[in-house]
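J.: Here is a sequence with its predicted model. Questions after.
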Protein chains: 6
Amino acid sequence: MEWGAPGADRVVGMSRFDGRTPEQLRPIAIERGWSKHAEGSVLVSFGDTKVFCTASVTEGVPRWRKGSGEGWVTAEYSMLPRSTNTRGDRESVRGRIGGRTHEISRLIGRSLRAVIDYKALGENTIVLDCDVLQADGGTRTAAITGAYVALADAVAWAQGKKLIKAGRKPLTGSVSAVSVGIVGGVPLLDLAYEEDVKADTDMNVVCTGDGRFVEVQGTAEAEPFARDELNALLDLAVAGCAELTAHQRAALEATL
Amino acid sequence: MEWGAPGADRVVGMSRFDGRTPEQLRPIAIERGWSKHAEGSVLVSFGDTKVFCTASVTEGVPRWRKGSGEGWVTAEYSMLPRSTNTRGDRESVRGRIGGRTHEISRLIGRSLRAVIDYKALGENTIVLDCDVLQADGGTRTAAITGAYVALADAVAWAQGKKLIKAGRKPLTGSVSAVSVGIVGGVPLLDLAYEEDVKADTDMNVVCTGDGRFVEVQGTAEAEPFARDELNALLDLAVAGCAELTAHQRAALEATL
Amino acid sequence: MEWGAPGADRVVGMSRFDGRTPEQLRPIAIERGWSKHAEGSVLVSFGDTKVFCTASVTEGVPRWRKGSGEGWVTAEYSMLPRSTNTRGDRESVRGRIGGRTHEISRLIGRSLRAVIDYKALGENTIVLDCDVLQADGGTRTAAITGAYVALADAVAWAQGKKLIKAGRKPLTGSVSAVSVGIVGGVPLLDLAYEEDVKADTDMNVVCTGDGRFVEVQGTAEAEPFARDELNALLDLAVAGCAELTAHQRAALEATL
Amino acid sequence: MEWGAPGADRVVGMSRFDGRTPEQLRPIAIERGWSKHAEGSVLVSFGDTKVFCTASVTEGVPRWRKGSGEGWVTAEYSMLPRSTNTRGDRESVRGRIGGRTHEISRLIGRSLRAVIDYKALGENTIVLDCDVLQADGGTRTAAITGAYVALADAVAWAQGKKLIKAGRKPLTGSVSAVSVGIVGGVPLLDLAYEEDVKADTDMNVVCTGDGRFVEVQGTAEAEPFARDELNALLDLAVAGCAELTAHQRAALEATL
Amino acid sequence: MEWGAPGADRVVGMSRFDGRTPEQLRPIAIERGWSKHAEGSVLVSFGDTKVFCTASVTEGVPRWRKGSGEGWVTAEYSMLPRSTNTRGDRESVRGRIGGRTHEISRLIGRSLRAVIDYKALGENTIVLDCDVLQADGGTRTAAITGAYVALADAVAWAQGKKLIKAGRKPLTGSVSAVSVGIVGGVPLLDLAYEEDVKADTDMNVVCTGDGRFVEVQGTAEAEPFARDELNALLDLAVAGCAELTAHQRAALEATL
Amino acid sequence: MEWGAPGADRVVGMSRFDGRTPEQLRPIAIERGWSKHAEGSVLVSFGDTKVFCTASVTEGVPRWRKGSGEGWVTAEYSMLPRSTNTRGDRESVRGRIGGRTHEISRLIGRSLRAVIDYKALGENTIVLDCDVLQADGGTRTAAITGAYVALADAVAWAQGKKLIKAGRKPLTGSVSAVSVGIVGGVPLLDLAYEEDVKADTDMNVVCTGDGRFVEVQGTAEAEPFARDELNALLDLAVAGCAELTAHQRAALEATL
């Protein structure tokens, strides 16, 4: 069956390798307070993908921003060597950071900065560290989703410590992210590793809590994709991010 | 005027800083045969952005691919230190490659591999080097567009040298790329540097010659963007890539 | 009161900052099966110090050992950037591994190799990764203690997979480790960070399950120490390691 | 025929592989204004050797020179990966600069500093970047010859911008450079790559416009060389540099 | 014969490969004034192990210590590439310092800092460079022993130059170091390389001149060791360090 | 008095800062057998400049030379951190080799290869390590002069071990090197550091034992130099190298 056939039929009786429907997220867990040291910390799970996110607040900003009255938010992503099925070399041992790590760190940083009001943050820096403890597809989207919650806790901490002026709200919204892809002609939400490797097209979408786009990164892994495929993937992603936004809100409303 | 107002009105009387209309490319030039050594070589210009692309063919493939009967295509992007308005440090001197360079090198490689039939290429490797001689916005899209032409020449060279089996066609199509963005509420094609720094949203789109997508990378630089903004940008990009495809074809049809 | 006075008196009424007696370990937890990918994996806690240890088995040995019929065991230690009270730079970002990291990685590797029969292991390699998720003193001793359990699971896995010849026992014993130190004139077992920074003398001791020494590393942080102080510390350490050995045995006897 | 025999006979009827006489330069081209960003920029060609030279002016000097009232001039040389017949690895990718690159960068910097009056330059820094686009022997001598012209333009720019005090002349003369070598017993000027690899002795000579020496670097590639051979090479080089000086002057006199 | 048998019998008639008794040091030489540049310099020999130690005094301290009124002492250890039987790669060429080098540099620094009164030193820094010219076992212990003498000369120099306030004594004692090990069941002092490679247990001990411990680092190279073995080794080491202390004193009392 | 005036007058009554005449070498010492491990080893002194040179022979050649039947000779130069008046950072600590080190290592290697018959050497590699223990000008020329003697001993060792075929003579001659320069208008031989920093022109000359040139590297440090100045320097250098050749021969004729 070719993709493009009526959607209702398409999914009838279908079941993904783990029993999910195409538009279903994996079990999501967002555990706050996972570190006694960090100003914000979260263990986020998208199924078997587990990422440990900490938010570290420091007074002051990098040199190029000093005196601007504006803050800075940045992120670093890394995978533990045995977070994957086969052990990978440590980047510290190799002495250099790989392209993929660089790319994902930059994506996480940009995504979180999209909901930061630098003026309101004042000359403070928040660093998000996203370390993948176990990988099963979607580590960058889990990282963004978890890092937002750690960031929110860190901002609240800084407000409590009066590092941020009273009445200022550095967070202008929330962000979450999810992967989508076309596997065997069918658009699927939140790909597990087993699906990811088979995908013809793979897309990571970062949305704000109000449903707008912060990042859209689609890649044809095998076949180039058509406009209607792109649209179907965006529909899935927007719905998935809305669900993740609800998970984030619930986590932040819980007592720490 | 808010973006979203009727398009016809929107552009009336408008002129970009360089006199272009919103849907107009900068002057495009694709000069082949720019190196006496490389198997394929192109100097590509998108206005004042100039990228020197060479394609180097070597027999054999990286170790992890040996014995597969399949070839490999990869790319490296770099900016000369004074290709920009302010001199940047050389990455060789700093001893490490920056995240942006890594990210763009990977994008160029993926884009070109999207139109390569590895089996037809056989166990040969083609490396595309894209060195920015002068930057004025859109260096990565110019690099992809130029590198495709260098790649086509290199494939033809390899066919002439019988490195590729008779009758095999390693190229399954063509690729070109262009940037689009929303500046002052108006979607624009092929941003020059001056426009790029003001853009609220910035997107790089890589298309095949038949109008499908290879990569879609949209980033909210300031404000998150809505679905209809995304659609307007994609429309512009698809049209721009079609024009670039025509430039590529014309360049390749010319006698070298 | 000078240290050296009768021990019974010394401790009367004394209580460490966290309520422990001088010869008391912090709460110890050894959780196996903490990764779905690794052949052995443990989350070990010595109080608030938490180290994630994985054991990765690969067939084959490093080049310098090929053809010897003997296996190899090695270890890598690292701290997540915000495992400590103040965020530290990532060694991957700095592009080099620091001296302390090198030193501890080497210590862990040597300690585990002390109970490995290379011949029985055959030409297999086991890499222990010890990543500190949260640090509160004693990260290297927790790492050794946890890594032994991960190693035991990995060896059992390899035996199950017939990578190790039937009847061969690569493990010749067990190892555990604990820190001891003299704080305010009193020898203490298993220092927490708050005690560690105040210690005059700091010692890490690695013992086998049968109470012999694998490593003894004592350092005068402030005052040089005398022979009787050394003896008192060794007494504490040997008793502490015996307790840790019991924890390891209990963890390994539990059903995974 | 041994070298040292009467010169007149020796050259009769001789022609180099490209038709030149022993004392003839390759076609020389010095194109100014090759970059819209740099304060001085030149594409210099010695036959098929093409080097892109930019001069970047910045106010201020390196830390070790601050407060001296004196300026600084330095240079960096690099070859594009496919400037040669076989693609070379990028030094940025390897993470370190090779010895040859270091050596040539230092030579170019010293050569240009030989005609700079630091006091007159004031606390300004000029960096010369010499990137080899295509190599066919003599890249370092072409780089010096072209960089001088870029430097002259940059100095003029700085004078126009009043970065240099009125009446001060930072340039005390001009410099050009050429290679010479003994091939098959015959001293030749301006070796192309094909000749360079066969040379018994290879010498790079940097002269001022008034015919004095700035650098003389002679190397016996195969056989040690005698004093009269050295003299013959120096004669050729001095004459070659005089011609190059005329090319430089003509280029600088042309309207940009 | 097992170790633990009556000591008197054990050694009867025994002779080590070089004719020494078990409790005998190799010939020790400490030559001061080995560099005309350094503020303190020593060539120390433990038999064929020769280490060149220089002490360099600079006014000021590292940034993290500025304004504290306290000084700093640190050390760097390195082996010349052919100091060993087989040439080793230079760490500068490899671009990174190995774990062993790091470990030993840190040990030397800690050992010397154990006898430094930072307040009395004032805001001065002393760097000890210990370069192994020839290695035959015990390079780290020779380095510590020699570096102490260079340090003492450097402190005296600084006192002479009034960098240290009159009446202040930065040195609170002396340090020396020696290796001990169990070879073939017999505890031996000051192992030569030939003995070191055969040792079951290897221990480096750093003592102050008054016989207390600064560092005790024991490692089971083959078999774990028992408490009485540890005690026997410590006895040997303490006696050896006392001898080395006498050598240091004699060297420092000689006229330079 | 300008340089160029009659030489006899010029030197009358002149004395260099250390009492030498312009054409006088510093005291030269070449001590062989300075390492028990290396196949050839020399401590060479040119006055206070002391360089430790070892020659290490290994069977086999680098990969790119395998199967050629030809050997290889290469060199590495380094300065100990406190070989100079002010301590310099270790290149191993900085993680990269500086340009000067690269340049000198390459010069030493080329100089020694000039007297090597690769065919006669057979597939053996000799590495010369030249480590400067104390620097006082002319370290590279001392290194070349000493390294030749170490090389000669290493070749003799390899002949004794039958690594080199009977009757084959890998050494086709000898090499030595010396610095010359114009200081205060006067050409001087073998500059000490104090003279080197004042030199207008500085030249390093490498000669074979029969008086021909292997390398001539002249640099105008301040003023460009004229042809007759160059000639005067070459005259001095040739005479100096002849003296150094005699020292080398005497050293090699002595019983080791």
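T.: Here it is on my side, so go on. From a predicted model like this one, the values you see are computed outputs, not experimental measurements.

J.: quick one, whichever helix in chain A runs longest and helix B:227-253 angle?
T.: Scanning chain A for the longest helix, with DSSP state H as the assignment, gives helix A:227-253. Helix A:227-253 runs at 140 degrees relative to helix B:227-253, counting by axes from the mean of the first three to the mean of the last three C-alpha atoms, to 10 degrees.

J.: so how far is helix A:227-253 off the chain centroid?
T.: 11 Å (C-alpha atoms, centre = their mean, to the nearest Å).

J.: what comes up buried for it?
T.: A:229-230, A:232-241, A:243-245, A:247-248, A:251-252 (16 or more other C-beta atoms under 10 Å in any protein chain shown). For glycine as for every other residue, the C-beta is placed from the backbone atoms N, C-alpha and C.

J.: try stretch A:56-75
T.: A:56, A:57, A:61, A:70, A:71, A:72, A:73, A:74, A:75.

J.: Just put those residues in a markdown table and tack on distance to chain D and secondary structure.
T.: Converted to a markdown table, those look like this (distance: C-beta to the nearest C-beta, whole Å; DSSP: H, G, I helix; E, B strand; the rest coil):
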| residue | distance to chain D | secondary structure |
| --- | --- | --- |
| A:56 | 28 | strand |
| A:57 | 32 | strand |
| A:61 | 23 | coil |
| A:70 | 25 | coil |
| A:71 | 28 | coil |
| A:72 | 25 | strand |
| A:73 | 28 | strand |
| A:74 | 23 | strand |
| A:75 | 24 | strand |
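
J.: Quickly name whichever of these is closest to residue B:117.
T.: Among those, residue A:75 lies closest to residue B:117 (C-beta to C-beta), at 37.8 Å.

J.: List the residues that contact that closest one.
T.: Counting by C-beta atoms under 8 Å, 6 or more residues apart in numbering or on different chains, residue A:75 makes contact with A:105, A:108, A:109, A:112, A:127, A:128, A:129, A:130, A:143, A:147.

J.: what is it paired to in the beta sheet?
T.: residue A:128 (DSSP bridges).

J.: Which ones among the contacts of residue A:75 map onto strands?
T.: Taking DSSP state E as the definition of strands, these contribute A:127, A:128, A:129, A:130.

J.: what's the neighbour count on the last one?
T.: By the measure other C-beta atoms under 10 Å in any protein chain shown, the count of residues near residue A:130 is 26.

J.: per-residue confidence for it?
T.: Looking at residue A:130, its pLDDT is 98.

J.: Name the nearest residue to it, sequence neighbours excluded.
T.: residue A:143 (3.8 Å; C-beta to C-beta, 6 or more residues apart in numbering or on different chains).

J.: about what we covered before: which members of the buried residues of stretch A:56-75 are the farthest-apart pair?
T.: Greatest spacing in those, by C-beta to C-beta: A:56 and A:70 (18.3 Å).

J.: show me what contacts the residue in the stretch 151-256 of chain A that chain C sits nearest to?
T.: In the stretch 151-256 of chain A, no residue comes nearer to chain C than residue A:193, which is 10.4 Å away by C-beta to the nearest C-beta. Residue A:193 makes contact with A:135, A:136, A:137, according to C-beta under 8 Å, 6+ apart.

J.: Repeat that for residue A:254.
T.: Residue A:254 makes contact with residue A:32 under the criterion C-beta under 8 Å, 6+ apart.

J.: How about residue A:24?
T.: A:16, A:189, A:190.

J.: sec struct for the residue nearest to the last one when sequence neighbours are not counted, please.
T.: Yep, that's residue A:190 we're talking about. Leaving out its chain neighbours, the residue that sits closest to residue A:190 by C-beta to C-beta, 6+ apart is residue A:25, at 4.8 Å. Per DSSP: H, G, I helix; E, B strand; the rest coil, the secondary structure class of residue A:25 is coil.

J.: returning to that earlier point: which two of the contacts of residue A:75 have the greatest separation?
T.: Every pair of these checked by C-beta to C-beta; the farthest is A:127 and A:143, at 13.4 Å.

J.: Around the residue in the stretch 51-200 of chain A positioned nearest to chain D, count how many other residues there are.
T.: Closest approach between the stretch 51-200 of chain A and chain D, counting by C-beta to the nearest C-beta: residue A:96, at 6.2 Å. Using other C-beta under 10 Å, residue A:96 has 18 other residues around it.

J.: and the stretch 51-200 of chain A, which residues reach chain D?
T.: Contact residues, the stretch 51-200 of chain A versus chain D (C-beta under 8 Å from any C-beta of the partner chain): A:95, A:96.

J.: Now do the strands in the stretch 51-200 of chain A.
T.: Taking DSSP state E, counting those that start in this stretch as the test, the strands found in the stretch 51-200 of chain A are A:72-79, A:124-134, A:175-183, A:186-189.

J.: Please identify the pairing partners of the third one and their relative orientation?
T.: Yep, that's strand A:175-183 we're talking about. Taking DSSP bridges as the criterion, strand A:175-183 sits next to strand A:186-189 (antiparallel), strand A:201-208 (antiparallel) in its sheet.

J.: Thank you, goodbye.
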